[in-house]
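Visitor: Sequence isn't available, so here's the structure alone:
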């Protein structure tokens, strides 16, 4: 039954739609599919392999969210009530209400405190410049460093709305990562290694890559307006003032599928419990009520397309990932969770049919049309293989 998946992935490579891809899926009982096609880098890269290392960007958010929920279980963090005052941006948040005649943002104190629930659901008021032109204008006017600089000052953005009043995707989970560090007394990489990635055996998941991992890393490719793909240079390591809990990890498809399998097994895998079953269940519930979510309009077309993965459908948010309250068009059940990374890496987890999948490429802009179409074909193939399509 997996011949259908092989064919879809190979055809996408042969047609030049993508340079290469790794895709894997599992049920709670065992593997469904593993495949690697194409090359890691157009023109000079080796073949894609199942252990190829990818920049998973915002797929980091789910792991950081699990870390935060571990601390909630331990009583070190609370979902509701003001978050610990580890920084003025959290302790005394300011909201942009407009711009003065000189182009400077007009700020006022937020109407209510920021909570961990706000941060985990992207309802705190923090946004991303690539989807919010007003934030981009404010950041420029305030002379703030860019997120890519790794400077802590880059996180100290003003809010674009009051906490709890709407949903907009943003840097919230980077602040969650800082909270995890402050309340655990460990840097985020050490915390993950001790409490999540280490116990799960996710050996290729971390904030930096070794020389051996670099040799297995896929290059990011930029898609130009004419559809042509161009390989980009490997990113250069920088001295970061904070580890990006919202998007800093490297990983492999196999490692990330292990993480998803832990969630499929209600928080435990291989004899190691990462979260309580009730915590995993709560994370997959709707925590934003009737607020609309999931649709983003680009402010930076080379970095991201418009985002609307489920046109015409309700989309909500759980504690760390997107929640689809309606059945998906390619087989997933209502109540499935999902998200992605800006370099076009994607995952979903279906708690009803107890199946999870991950598909990884390295292409900009985000929500690449060819990759999203391939993601859909992969998902359809997985459900056909388990008899659940």
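Guide: Nice, thanks for sending it over. Since this is a predicted model, take the numbers as computed values, not measurements.
Visitor: Got the domain ranges for the chain?
Guide: Domain assignment for the chain by automatic domain parsing gives 3-60+187-386, 88-181.
Visitor: if we compare those, which one ends up closest to residue 71?
Guide: domain 88-181 (6.5 Å; C-beta to C-beta). (Each C-beta comes from the backbone N, C-alpha and C, glycine too.)
Visitor: Span of that closest one from start to end?
Guide: 16 Å (C-alpha to C-alpha, to the nearest Å).
Visitor: Let me see the mean pLDDT of that domain.
Guide: Taken as a whole, domain 88-181 carries a mean pLDDT of 97.
Visitor: hmm, back to that, could the domains of the chain be laid out in CSV, adding distance to residue 71 and mean neighbour count?
Guide: Formatted as CSV, those follow (distance: least, C-beta to C-beta, whole Å; neighbours: other C-beta atoms under 10 Å):
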stretch, distance to residue 71, mean neighbour count
domain 3-60+187-386, 9, 19
domain 88-181, 6, 19
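Visitor: TSV for those domains, including distance to residue 70?
Guide: Listed next are those as TSV, based on distance: least, C-beta to C-beta, whole Å:
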stretch	distance to residue 70
domain 3-60+187-386	6
domain 88-181	9
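Visitor: Who are the packing partners of the lengthiest helix in the chain?
Guide: Ranked by residue count and defined by DSSP state H, the top helix of the chain is helix 369-386. On a contact count with 3 or more C-beta pairs under 8 Å, 6 or more residues apart in numbering; DSSP states H and E, helix 369-386 meets helix 3-14, strand 20-27, strand 31-38, strand 345-350, strand 355-360.
Visitor: What strands line up against the third one, and which way round?
Guide: In other words, strand 31-38. strand 20-27 (antiparallel) (DSSP bridges).
Visitor: got it, and the last one?
Guide: Each strand paired with strand 355-360, and its direction, by DSSP bridges: strand 20-27 (antiparallel), strand 345-350 (antiparallel).
Visitor: Using JSON lines, please lay out those strands together with distance to residue 291 and mean pLDDT.
Guide: Converted to JSON lines, those look like this (distance: least, C-beta to C-beta, whole Å; pLDDT from 0 to 100):
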{"stretch": "strand 20-27", "distance to residue 291": "31", "mean pLDDT": "98"}
{"stretch": "strand 345-350", "distance to residue 291": "21", "mean pLDDT": "98"}
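Visitor: Which one of these lies nearest to residue 387?
Guide: That would be, of the strands paired with strand 355-360 and by C-beta to C-beta, strand 20-27, which comes in at 10.7 Å.
Visitor: how about the residue lying closest to residue 336 once chain neighbours are set aside, what does it touch?
Guide: Of all residues not flanking residue 336 in the chain, residue 350 sits nearest, at 4.5 Å (C-beta to C-beta, 6 or more residues apart in numbering). By C-beta atoms under 8 Å, 6 or more residues apart in numbering, the contact set of residue 350 is 332-333, 336, 356.
Visitor: host element of the residue nearest to residue 77 when sequence neighbours are not counted?
Guide: Spatially, and ignoring its direct neighbours in sequence, residue 77 is nearest to residue 71 (4.2 Å; C-beta to C-beta, 6+ apart). Secondary structure from DSSP states H and E places residue 71 in helix 60-73.
Visitor: next one: residue 176
Guide: With DSSP H and E as criterion, residue 176 is part of helix 172-184.
Visitor: wait, doesn't residue 19 sit right on residue 41?
Guide: Yes. Between residue 19 and residue 41 there is a contact under C-beta atoms under 8 Å: 7.0 Å.
Visitor: which residues are common contacts for these two?
Guide: Common neighbours of residue 19 and residue 41 (C-beta under 8 Å, 6+ apart) are 218-219, 221, 231.
Visitor: Nearest to residue 128, out of the strands paired with strand 355-360?
Guide: Using C-beta to C-beta, the nearest of the strands paired with strand 355-360 to residue 128 is strand 345-350, at 17.1 Å.
Visitor: Secondary structure class of the closest residue in space to residue 135 that isn't next to it in sequence, three-state.
Guide: For residue 135, ignoring the flanking residues on the chain, the nearest one in space by C-beta to C-beta, 6+ apart is residue 127 at 4.8 Å. Put simply, residue 127 is coil when judged by DSSP: H, G, I helix; E, B strand; the rest coil.
Visitor: Enumerate every residue touching residue 127.
Guide: Contacts of residue 127 by C-beta under 8 Å, 6+ apart are 135, 157, 160, 168-171.
Visitor: What are the phi and psi values at residue 244?
Guide: phi -80, psi 100 (degrees, to the nearest 10).
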